[in-house]
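J.: Next one to model:
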Amino acid sequence: MLAISLANSVPIHDQIVGEPRRLIACGQLRTGDELPPVRQLAADLGINLNTVARAYRELTEAGLLASTRGRGTVVIATVEHASGVDRAERDRLASVIGAALADAKIAGLTETETRQLVEGEMKRLWKTE
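T.: Okay, here's the model as predicted:
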């Protein structure tokens, strides 16, 4: 289910953190769905166990995953929050988005190219046309 590629220019750790986030946002991963065990994913990818463990730990600290004995790592987040997004979360998201946009500019992308990337990702996540 997780699309992780060793050939991708995005670091493996970042892919392992980003892919479940994307799948949760798209609704392809739902509360209660299981992720591959740390050892299995590390073995399947041929990477260090600590890389997977660190990525899973980040997702757990973000409130997206939970590890339970005997059940493994499961999704505990949903995309809908009854109370909406609080100010601290909005500030965090603005910071992350700002950093990503700065990275795009530093990498030499034009404003138009950056907008196309952002709009493409939004269409994938919100399933709009």
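J.: Please, which helix or strand holds the residue nearest the centre of the chain?
T.: For the chain, the residue whose C-alpha lies nearest the mean C-alpha position (CA atoms, centre = their mean) is Gly18; its distance is 2.4 Å. Taking DSSP states H and E as the criterion, Gly18 maps to helix 12-26.
J.: where does the protein dip in pLDDT?
T.: 78-85, 128-129 (pLDDT under 70).
J.: Report the buried residues of the helix holding Gly18.
T.: 12-13, 15-20, 22-24 (16 or more other CB atoms under 10 Å). Where C-beta positions appear, they are placed from N, C-alpha and C, glycine not excepted.
J.: Please identify which of those is nearest to Ser5.
T.: Relative to Ser5, the closest of these is Gln15; by CB to CB it sits at 7.1 Å.
J.: The residue lying closest to the closest one once chain neighbours are set aside - how many residues pack around it?
T.: Nearest non-adjacent residue to Gln15, counting by CB to CB, 6 or more residues apart in numbering: Ile4, 4.9 Å away. By other CB atoms under 10 Å, 18 other residues sit near Ile4.
J.: Next one: Thr110 from Gln116, what distance?
T.: Between Thr110 and Gln116 the distance is 9 Å, computed by CB to CB, to the nearest Å.
J.: What segments of this structure are helices?
T.: Along the chain, the segments classed as helices by DSSP state H run 12-26, 38-45, 49-61, 87-106, 111-126.
J.: got the ones you listed as a markdown table, with distance to Gly70 columns?
T.: Below are those laid out as a markdown table (distance: least, CB to CB, whole Å):
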| stretch | distance to Gly70 |
| --- | --- |
| helix 12-26 | 21 |
| helix 38-45 | 15 |
| helix 49-61 | 17 |
| helix 87-106 | 32 |
| helix 111-126 | 33 |
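J.: Gly72: which of those is closest?
T.: So among the helices of the chain, helix 38-45 is nearest, using CB to CB, at 8.9 Å.
J.: got the angle for the closest one vs helix 12-26?
T.: With axes from the mean of the first three to the mean of the last three CA atoms, to 10 degrees defining the directions, helix 38-45 sits at 110 degrees from helix 12-26.
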